[in-house]
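Student: what follows is a protein structure lacking sequence information:
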């Protein structure tokens, strides 16, 4: 975070995603890569990412739930604060969007991450189901997603049937 903040040339929002959230919140010790999303003019930071990756020996990817599933408007306001470094504010990308993207993907690590989000009280089952209900009409925009399978997976986790 300090390296990204040093590269910033003004106010910037940086959103941690996936394994980066899991490591920052402490339920995982490591992640294969650091997934990030940006809000604002991230040009200077993006130009610095290759050098940051090399100096810290980490892989950085630009990815967020919005790349894989519909995300409810206002996700920025639902993105929990992590830290402020200089002019850069670090947040977790909307945890409900992260959970649903992980449910849709369905890997074992993703299932464990969703369970950790629930166990730690970072997300609630009822609100997760409501979030899914809100984005379900937009699933057609993501043709790789089978809406019925996605709904069943969400219901299995939330204990609800639709």
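Tutor: Noted; the coordinates are in hand. It should be emphasised that the depicted structure is a prediction, and the values quoted were computed from it without experimental measurement. Numbers count the residues shown, from 1 in each chain.

Student: now residue 140, what's its secondary structure?
Tutor: helix (DSSP: H, G, I helix; E, B strand; the rest coil).

Student: for it, give its distance to residue 151.
Tutor: 14 Å (CB to CB, to the nearest Å). (Each C-beta comes from the backbone N, C-alpha and C, glycine too.)

Student: more neighbours: which of the two?
Tutor: Neighbour tally, residue 140 and residue 151, criterion other CB atoms under 10 Å: the higher count belongs to residue 151, 18 against 10.

Student: was I right about that one contacting residue 136?
Tutor: Yes - using CB atoms under 8 Å, residue 151 is in contact with residue 136, at 7.0 Å.

Student: quick one, what contacts residue 40?
Tutor: 10, 11, 12, 13 (CB atoms under 8 Å, 6 or more residues apart in numbering).

Student: swap that for residue 42, sorry
Tutor: Residues near residue 42 by CB under 8 Å, 6+ apart: 12, 14.

Student: dihedrals phi and psi, it?
Tutor: phi -100, psi 10 (degrees, to the nearest 10).
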